[in-house]
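>>> Sharing a model prediction with you, sequence too.
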Amino acid sequence: MITRLNQSLVSLSKRWWVVVLVLTLNAASFGILFSLEDQFERLSGLPTFDTQNALTADQIIEQLPLYQGEARDAYLRFAAFDFVFPFVAALNLAVLWALFLRTNTWRIAGRLLAWNIPVLAFLGTLFDWGENISLLTILANGLVPEPGLLQTALMFKALKLIMLNVSFALTSALLVFALANWTTRVIQAQRHIRHERARA
């Protein structure tokens, strides 16, 4: 299943219009998500639990009373879309990783692609969904959440942030790797042209 998903991502990366579409959808979904968060913040005075990276269990309990009335409705709209955004963001990264690796002629790029590296982008989606479900469960249980629920939400948040940092680092590394390969190929092509001209 993972290999098939990886092959699908490689196929998508071969179509320039799909790459452009995925990049556009990612930018649009990013804008929508933070527009929804702005609506919540205007009503509550604070960002959502989801975007507070240093959130603690005590802060969740302290902020729960803010999730009432219109602010609660605004958060539920945000939370609903936050199940879409992580998938779109992961698809964007996965297609880019497949593109960077597929167009790289160095042997290690082929090995990384064979190891299904692009599929790893979806780990962040799973962690984000876990955080979302945990926070919605806390919200549904009133103002006195179970300690286990609080720790579960914070665990998924920590895993999400770790994966976010890993994804950023990996995207940067694969891009530099691809550019270095492209530069090497251009230099080799220019040397070949000069060599052919010299022979002529």
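Done, it's in. Because the structure is a prediction, the values reported are computed rather than measured. Numbering: from 1, shown residues only.
>>> Thr171 touches Ala98, doesn't it?
No: at 11.9 Å, Thr171 does not count as touching Ala98 under the criterion of Cβ atoms under 8 Å. Glycine gets a C-beta too; all of them are placed from N, C-alpha and C.
>>> So which of those two has more stuff around it?
Ala98 (26 against 16; other Cβ atoms under 10 Å).
>>> roughly how far apart are that one and Leu149?
Here the criterion is Cβ to Cβ, to the nearest Å. By it, Ala98 lies 37 Å from Leu149.
>>> next one: Thr125
Counting by Cβ to Cβ, the separation of Thr125 from Leu149 is 21 Å.
>>> So which of the two has more stuff around it?
Counted by other Cβ under 10 Å, Thr125 and Leu149 do not tie: Thr125 has more neighbours, with 21 against 17.
>>> correct me, but the more buried one touches Pro86?
Yes: Thr125 is in contact with Pro86 according to Cβ under 8 Å; the separation is 4.2 Å.
>>> where in this protein is pLDDT low?
For the chain, the stretches with pLDDT under 70 are 189, 192-193, 195-200.
>>> Can you name every helix or strand that the helix ranked longest in it contacts?
In the chain, with assignment by DSSP state H, the single longest helix is helix 147-199. Helices and strands touching helix 147-199, by 3 or more Cβ pairs under 8 Å, 6 or more residues apart in numbering; DSSP states H and E, are helix 57-63, helix 85-102, helix 107-114, helix 121-140.
>>> Following the chain onward from the first one, which element is next?
Spelled out, that is helix 57-63. Using DSSP states H and E, the helix or strand that directly follows helix 57-63 along the chain is helix 69-81.
>>> Sort out which residues of stretch 38-49 are buried, please.
39-41, 43-44, 47-49 (16 or more other Cβ atoms under 10 Å).
>>> Export these as JSON lines, with columns for secondary structure and distance to Ser134.
Below are the buried residues of stretch 38-49 laid out as JSON lines (DSSP: H, G, I helix; E, B strand; the rest coil; distance: Cβ to Cβ, whole Å):
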{"residue": "Gln39", "secondary structure": "helix", "distance to Ser134": "22"}
{"residue": "Phe40", "secondary structure": "helix", "distance to Ser134": "18"}
{"residue": "Glu41", "secondary structure": "helix", "distance to Ser134": "21"}
{"residue": "Leu43", "secondary structure": "helix", "distance to Ser134": "22"}
{"residue": "Ser44", "secondary structure": "helix", "distance to Ser134": "19"}
{"residue": "Pro47", "secondary structure": "coil", "distance to Ser134": "17"}
{"residue": "Thr48", "secondary structure": "coil", "distance to Ser134": "13"}
{"residue": "Phe49", "secondary structure": "helix", "distance to Ser134": "10"}
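>>> So what touches stretch 43-53?
37, 40-41, 55, 59-60, 63, 66-67, 70-71, 74-75, 78-79, 82, 131-132, 135, 153, 157, 161 (Cβ atoms under 8 Å, 6 or more residues apart in numbering).
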